[in-house]
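S.K.: After the sequence you'll find the predicted model.
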Amino acid sequence: MASAYRRLGNTRGMGMIEGRTPMGSFEVLLEDDRIQLEAFIEEYRSAVESALDGLTDEQARRRLVPSATTLVGLLKHVTWMQRVWFEECVGGRTRVELGLVQTPEQSFQVADDDTIASIKADYRQACATARTAVADLPLNAVVTGHRSGPRTLHWVYLQVLRELAHHCGHADILREQILAGWKYR
């Protein structure tokens with residue numbers, strides 16, 4: 001059944017399955033595990049990115065919590081996270097080879113020349129690269145590129161889903177604060 005549902009190159013919104021309408025996580029109840037996992041991941045990928053829609057660069061950089069977390073920094077971190085799991089862990093390239101910062105904390109740092117547009121472009125590229133990295137691998141494939149040891153692709157999907165869901169919650173709250181005109185004191 002899975003081979004009948006080839007993913008299309010949709011990099012925005014919920015994933016597309018050939019011959020079907022856009023799929024959300026609640027529309028794949030009887031599909032195989034891979035289709036279900038990918039539908040949830042795509043839904044959260046879209047949600048975290050869309051938290052920046054309609055905001056100015058100034059709003060997206062606004063610090064609203066005691067930590068250095070900002071909306072644009074959050075998307076930058078999620079970009080880094082996906083590159084770690086799909087390009088390092090699955091692809092076998094080191095963070096140095098990939099030009100990535102070494103720690104999650106560093107991945108939130110926003111450079112002066114970062115904009116919503118540039119961060120979104122990097123994010124979309126990371127998502128596209130992630131899709132390509134796993135396209136021909138079964139969920140039970142053992143990937144060995146992560147510094148803490150081997151794991152299955154299924155585990156990587158669950159970890160990425162967990163991170164995306166976690167950070168979507170952060171993004172929702174930060175966006176709500178921005179739209180309400182709230183400022184960190």
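M.R.: Now that the structure is in, tell me what you want to look at.

S.K.: list the buried ones in stretch 57-69?
M.R.: Using 16 or more other Cβ atoms under 10 Å as the test for burial, stretch 57-69 gives 57, 59-62, 64, 69. Placement of C-beta: from N, CA and C, glycine included.

S.K.: measure it end to end?
M.R.: 15 Å (Cα to Cα, to the nearest Å).

S.K.: now swap in stretch 60-68 and tell me
M.R.: Counting by Cα to Cα: the opening and closing residues of stretch 60-68 are 12 Å apart.

S.K.: tell me the mean pLDDT over it?
M.R.: Stretch 60-68 carries an average pLDDT of 91.

S.K.: Could you report the neighbour count for the closest residue to residue 27 other than its chain neighbours?
M.R.: In space, and not counting its chain neighbours, residue 27 is closest to residue 39: 7.2 Å by Cβ to Cβ, 6 or more residues apart in numbering. By other Cβ atoms under 10 Å, the residues close to residue 39 number 21.

S.K.: measure residue 39 to residue 79 for me?
M.R.: 21 Å (Cβ to Cβ, to the nearest Å).

S.K.: Rounded mean pLDDT for the longest helix seen in the chain, please.
M.R.: Secondary structure of the chain per DSSP state H: the longest helix is helix 153-179. For helix 153-179, the mean pLDDT works out to 96.

S.K.: again with stretch 42-57
M.R.: Rounded mean pLDDT across stretch 42-57 is 96.

S.K.: Show the end-to-end separation of that stretch, please.
M.R.: Note: stretch 42-57 ends 25 Å apart using Cα to Cα.

S.K.: Now find how far off-centre that stretch is within its chain.
M.R.: 11 Å (Cα atoms, centre = their mean, to the nearest Å).

S.K.: Buried ones in it, by neighbour count?
M.R.: So, applying 16+ other Cβ under 10 Å, buried residues of stretch 42-57: 42-49, 51-52, 55, 57.

S.K.: And those residues, which is closest to residue 164?
M.R.: residue 44 (3.6 Å; Cβ to Cβ).
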